[in-house]
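Engineer: Need coordinates for the following:
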Amino acid sequence: MPLNIPNLLTWARIILIPLFVGVFYAPLQWMSQHEQNLAATVIFVIAALTDWLDGWLARKLGQTTAFGAFLDPVADKLMVVAALLILVQLERTDAMLAFIIIGREITISALREWMAKIGAARSVAVSFIGKLKTTAQMIAIPLLLYQDSLAGVSMLWLGSWLILIAAVLTLWSMAYYLKMAWPEISIRSNKL
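Structural biologist: Predicted coordinates:
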């Protein structure tokens, strides 16, 4: 495993996950609920920014590696899954929405792995709808984590709408990727 700045940032994102989860298990004598919400939101946003930064640095510094290409999406998905599970436990989002988002991540990750194995990875390359889904999700999660109002606007209300939009975009992007992969899927299934 090559140790470079982008890979170190990805590892830092993975290390932030137990810290992020641990914030909500800290005794209320240590941190009030508002402080827990704020700390978790800051940690999640830092993790999201390191995701952007490690990709940018890897390209800028010419430090892209096969290991980094593998580890980066794993770190992203682990952080999002941890956040969604915490949000379900705190009753700030619906379990079905979390299931849709997590289920799609597993499905598309498996599809991408299989398509890469058969040499057809280009057909499931990241699309605009996938980026839009990720943007909605990465804005919704911090809003739901923070929960309180800002400038008279309920972050819980706004985050709830955004996570619903993210779930719809999740289904749409999954359908898109499956449609793009369908020719290869049908060719391979006819050979079995």
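Engineer: From I14, how far out is T64?
Structural biologist: Summarising the geometry, the distance separating T64 from I14, computed by CB to CB, to the nearest Å, is 19 Å. For glycine as for every other residue, the C-beta is placed from the backbone atoms N, C-alpha and C.
Engineer: what mean pLDDT would you report for stretch 134-142?
Structural biologist: Along stretch 134-142, the predicted confidence averages to a pLDDT of 95.
Engineer: residues of that stretch that come out buried?
Structural biologist: Neighbour-count burial for stretch 134-142, counted by 16 or more other CB atoms under 10 Å, picks out 134, 136-142.
Engineer: the domain parsing of this structure - what is it?
Structural biologist: The record's domain split for the chain, according to automatic domain parsing, is 1-91, 94-192.
Engineer: roughly how far is the last one from the heart of the chain?
Structural biologist: Offset of domain 94-192 from its chain centre (CA atoms, centre = their mean, to the nearest Å): 9 Å.
Engineer: Mind listing what's buried along the longest helix belonging to the chain?
Structural biologist: Of all the elements of type helix in the chain, the one with the most residues (DSSP state H) is helix 155-191. Of the residues in helix 155-191, 155-156, 158-160, 162-167, 169-170, 173-174, 176-177, 180-181, 184-185 count as buried by neighbour count, 16+ other CB under 10 Å.
Engineer: Against which helices or strands is that helix packed?
Structural biologist: helix 95-117, helix 128-146 (3 or more CB pairs under 8 Å, 6 or more residues apart in numbering; DSSP states H and E).
Engineer: how far off helix 155-191 does the first one point, in degrees?
Structural biologist: If I follow you right, that is helix 95-117. Taking axes from the mean of the first three to the mean of the last three CA atoms, to 10 degrees, one finds that helix 95-117 is oriented at 40 degrees with respect to helix 155-191.
Engineer: Now do helix 95-117: which elements does it pack against?
Structural biologist: Counting by 3+ CB pairs under 8 Å, 6+ apart, the elements that helix 95-117 packs against turn out to be helix 66-89, helix 155-191.
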